[in-house]
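Asker: sequence first, predicted model second:
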Amino acid sequence: MKIIYNGENDRAFKDVLGATIPRLAEADSKVIYLDADLMSCIGTAKWAAANPDRAINCGIAEANMAGIASGLSAVGFKPIMHTFGPFASRRCYDQIFLSGGYAGNSVTVIGTDPGVCAAFNGGTHMPFEDMALYRAIPTAKVFDITDAPMLEDVLAQCINLEGVKYIRVGRKSNKKVYEEGAKFEIGKGIVTDERGTDAVIIACGIMVAKAMEAAKILADKGINVTVIDMFTVKPIDEELVIKYAKACGAVVTAENHNKIGGLTSAVSEVLALALPTVLEYVAIEDEFGEVGPQDYLETRYDLTAEHIVRKVEKAISRKNA
Amino acid sequence: MLSKEKKTELLRLATEIRIGAVEEFKARGFGHIGGSLSVADLLAVLYGAVMKYDPKNPKLEDRDKLVCSKGHAGPAVYATLAIKGFFPYEDIKTLNQPGTNFPSHCDRKKTPGIDMTTGSLGQGTSLAVGMAMGDKLKGLKSRTFLVVGDGEINEGQVWEAAMFTAAKNVTNLVWLIDWNKKQLDGYTDDILKNKDIEAKFAAFGFDAVTIDGNDVEALYEALTKEATDKPIAIVLDTVKGKGVKQVEETVANHSMTMTADVYDGWLSELRQELSAIA
């Protein structure tokens, strides 16, 4: 697949969701879209109003929405439900866990504004733990979306996959990484930049572009690393993690999520069992969110290319110690 | 109106369901007896006279569906399904044994004829809404019958689902609230008084009624009524533990552990009742 990263912004995810959800529903009569009073936030409200049999506004009742989505699955529908990340995870967790997963129903959940992307909505709306929660649901699949082509393709695949699928994605735009129309293999990480084996950076979501940026900065310093986009956080691509951990001997994870339970945990679990390797992380420490512009929050929580550079250097020095 | 023959058949079925449930509890030594016995008459009328289903094809698309959101009444549903031929009667006596297909709480992945997994109280309500809406969207005439406990209505999700049912006019979903006046820790009036359940549902926009939920004629009349412009909610005035005197008289009858001798006594009481129904 062609990597076209050059630091430019991609299309806004809000627009992608607003076009993709109606397109999927129009192509497959089994697809039904549910929201909890946030249709206007992802550009689906107008289409939903014109298609009341295909789009259900459940009101501000996420637990009920998760149950209804699961019930629709039980009678043969392919529900897509959306709300902000914290409400799509914490607020309806038992319903997704039991009415969804345990009961054998298939639901695609979209949680928008992951981590610091919640910006001006602040700490109440800022999920640093949504991937941890979804990873703990047996057989659930967890995706942290990198850019618009990935969102389009992963969402289209999810509606036809069994079980619980959780897609965390912003509403604003990320940096463009992949060419338009790119196809993604679920459960397989993507090597987005391969400069050398001094270290490997395994990133997801908004941190992929920052890892690419960090790789450039490091190259200027004579340190050559490989960057992996681990957009499927569960099931994680164990083979790829082990391959590059073995080749590099130093691993740095980068995620817009608490260090507990997300990508850092997933990579740690693989390495501890299969190939103990020097590991550093760029992730939220054990903290709650707070309000502010996203760039402020990225600095506040150390989710920057510069911090990735520091962690890579630290990992390499530990490797060589 | 129920014919005399049909009424006799339903009365017998209700007692047979109670016998089946008690036989399950006897085999394991304990179980959720109170709330299983209180809904036996409802299940008899639903499966004996109201619902469309096919024991040979439990997933028949246009069947009527039962969501027993008070999932701990599973043993009564299992007895009903066994009597109606979904699986051999003897199977239900494996209740809660290792590897069983008959767990305490209803599980659609394990038990043929169980339309929805329930157990975490409140969750069956939204699931039933989704199933009924889906059937309606598919153009099916099926109805979904949702059984909710009166203790269960402590859960907030119940009221989210109730508001939705009325707001979106999901008229092929029938809410059945088993008002047996008790929950695990004792009387609902002492734990979280729910006052007038019928008035609550009426205020939400339901066509709400209260009937004697242990009377097969009243049940038949209410359950065969088609919804018009509002969804139906039926509050079932029942006795927790109905049909076995000692259980009815025990306050803490949510789950009871007994010796085989005690269960045998209850079974002979029920069998006497069965033989008296003519």
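Answerer: Good, I have the coordinates.

Asker: give me the mean pLDDT for stretch B:270-277.
Answerer: Confidence over stretch B:270-277 (mean pLDDT, whole number) is 97.

Asker: correction: the previous question concerned stretch B:42-49.
Answerer: 98.

Asker: what do you get for stretch B:70-83?
Answerer: Stretch B:70-83 carries an average pLDDT of 98.

Asker: kindly export that stretch (C-alpha atoms) in PDB.
Answerer: Extracted in PDB, the C-alpha atoms of stretch B:70-83 (Å, rounded to 0.1, in the frame of the first residue of the first chain):
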ATOM      1  CA  LYS B  70     -36.000 -11.200  34.700                       C
ATOM      2  CA  GLY B  71     -33.600 -13.900  33.400                       C
ATOM      3  CA  HIS B  72     -33.600 -15.800  36.700                       C
ATOM      4  CA  ALA B  73     -37.100 -17.100  35.800                       C
ATOM      5  CA  GLY B  74     -35.200 -19.200  33.200                       C
ATOM      6  CA  PRO B  75     -36.100 -22.500  34.900                       C
ATOM      7  CA  ALA B  76     -39.900 -21.800  34.300                       C
ATOM      8  CA  VAL B  77     -39.200 -21.000  30.700                       C
ATOM      9  CA  TYR B  78     -37.100 -24.200  30.300                       C
ATOM     10  CA  ALA B  79     -40.000 -26.300  31.700                       C
ATOM     11  CA  THR B  80     -42.400 -24.600  29.300                       C
ATOM     12  CA  LEU B  81     -40.100 -25.200  26.200                       C
ATOM     13  CA  ALA B  82     -39.500 -28.800  27.300                       C
ATOM     14  CA  ILE B  83     -43.200 -29.500  27.600                       C
END
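
Asker: hmm, it touching chain A?
Answerer: No - Stretch B:70-83 lies out of reach of chain A by C-beta under 8 Å from any C-beta of the partner chain, never closer than 10.1 Å. From N, CA and C alone the C-beta is placed, and that goes for glycine too.

Asker: give me the pLDDT for the nearest residue to B:Glu61 once chain neighbours are set aside.
Answerer: Spatial nearest neighbour of B:Glu61, chain neighbours left out: B:Leu140 (7.0 Å); criterion: C-beta to C-beta, 6 or more residues apart in numbering or on different chains. Looking at B:Leu140, its pLDDT is 98.

Asker: repeat for B:Ser38
Answerer: So, for B:Ser38, pLDDT stands at 97.

Asker: can you tell me how far the residue most central in space within chain B is from chain A?
Answerer: Chain B has B:Val39 as the residue nearest its centroid, 4.6 Å off, counting by C-alpha atoms, centre = their mean. Note on B:Val39: its distance to chain A, by C-beta to the nearest C-beta, to the nearest Å, is 21 Å.

Asker: and that residue, how far from A:Lys46?
Answerer: With distances taken as C-beta to C-beta, to the nearest Å, B:Val39 is found 45 Å from A:Lys46.

Asker: tell me the residues of chain A that contact chain B?
Answerer: Counting by C-beta under 8 Å from any C-beta, chain A comes close to chain B at A:32, A:53, A:56, A:58-59, A:61, A:63-77, A:79, A:94-95, A:98-99, A:102-104.

Asker: can we see that at 6 Å?
Answerer: A:53, A:61, A:63-64, A:67-68, A:70-72, A:74-75, A:77, A:94, A:98-99, A:103-104 (C-beta under 6 Å from any C-beta of the partner chain).

Asker: buried members of those residues into ChimeraX, please.
Answerer: Command for ChimeraX that selects the buried part of the residues of chain A next to chain B, burial taken from 16 or more other C-beta atoms under 10 Å in any protein chain shown:
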select /A:61,63,64,67,68,70,71,72,74,75,77,94,98,99,103,104
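
Asker: looking at the residues of chain A next to chain B, which are in helices?
Answerer: Within these, residues falling in helices by DSSP state H are A:63-64, A:67-68, A:70-72, A:74, A:94.

Asker: can you lay out these as CSV showing pLDDT?
Answerer: Converted to CSV, these look like this (pLDDT from 0 to 100):
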residue, pLDDT
A:Ala63, 98
A:Asn64, 98
A:Gly67, 98
A:Ile68, 98
A:Ser70, 98
A:Gly71, 98
A:Leu72, 98
A:Ala74, 98
A:Asp94, 98
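
Asker: from the residues you listed, which two are the most distant?
Answerer: A:Leu72 and A:Asp94 (18.3 Å; C-beta to C-beta).

Asker: helices along chain A, start to end?
Answerer: Under DSSP H, chain A gives helices at A:13-27, A:45-50, A:62-74, A:85-89, A:93-94, A:130-135, A:148-158, A:207-220, A:238-248, A:263-274, A:294-300, A:305-320.

Asker: for the longest one, packing partners?
Answerer: Under the contact definition 3 or more C-beta pairs under 6 Å, 6 or more residues apart in numbering or on different chains; DSSP states H and E, helix A:305-320 sits against strand A:199-203, helix A:207-220, strand A:250-258, strand A:278-284.

Asker: near chain A, which residues of the stretch 101-250 of chain B?
Answerer: Going by C-beta under 6 Å from any C-beta, the residues of the stretch 101-250 of chain B near chain A are B:109, B:117, B:120, B:123, B:126-127, B:129-131, B:134-135, B:137, B:157, B:160-161, B:164.

Asker: who's in contact with the residue nearest to B:Ser126 when sequence neighbours are not counted?
Answerer: Nearest residue to B:Ser126 in three dimensions, chain neighbours excluded: A:Gly67, at 2.4 Å (C-beta to C-beta, 6+ apart). With contact taken as C-beta atoms under 6 Å, 6 or more residues apart in numbering or on different chains, A:Gly67 is in contact with A:95, A:99, B:123, B:126-127.

Asker: count the residues that sit near the residue nearest to B:Glu61.
Answerer: Other residues near B:Leu140 come to 16 when the count uses other C-beta atoms under 10 Å in any protein chain shown.

Asker: please, which helix or strand holds it?
Answerer: Assigned by DSSP states H and E, B:Leu140 belongs to neither a helix nor a strand.

Asker: that older thread, make a markdown table from the helices and strands packed on helix A:305-320 and add distance to A:Thr139, mean pLDDT and mean neighbour count to it.
Answerer: Converted to a markdown table, the helices and strands packed on helix A:305-320 look like this (distance: least, C-beta to C-beta, whole Å; pLDDT from 0 to 100; neighbours: other C-beta atoms under 10 Å in any protein chain shown):
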| stretch | distance to A:Thr139 | mean pLDDT | mean neighbour count |
| --- | --- | --- | --- |
| strand A:199-203 | 23 | 99 | 30 |
| helix A:207-220 | 25 | 98 | 22 |
| strand A:250-258 | 20 | 98 | 29 |
| strand A:278-284 | 25 | 98 | 23 |
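
Asker: redo the ones you listed as TSV? Include distance to B:Ile197.
Answerer: Supplementary listing: the helices and strands packed on helix A:305-320 in TSV, determined by distance: least, C-beta to C-beta, whole Å:
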stretch	distance to B:Ile197
strand A:199-203	53
helix A:207-220	51
strand A:250-258	42
strand A:278-284	45
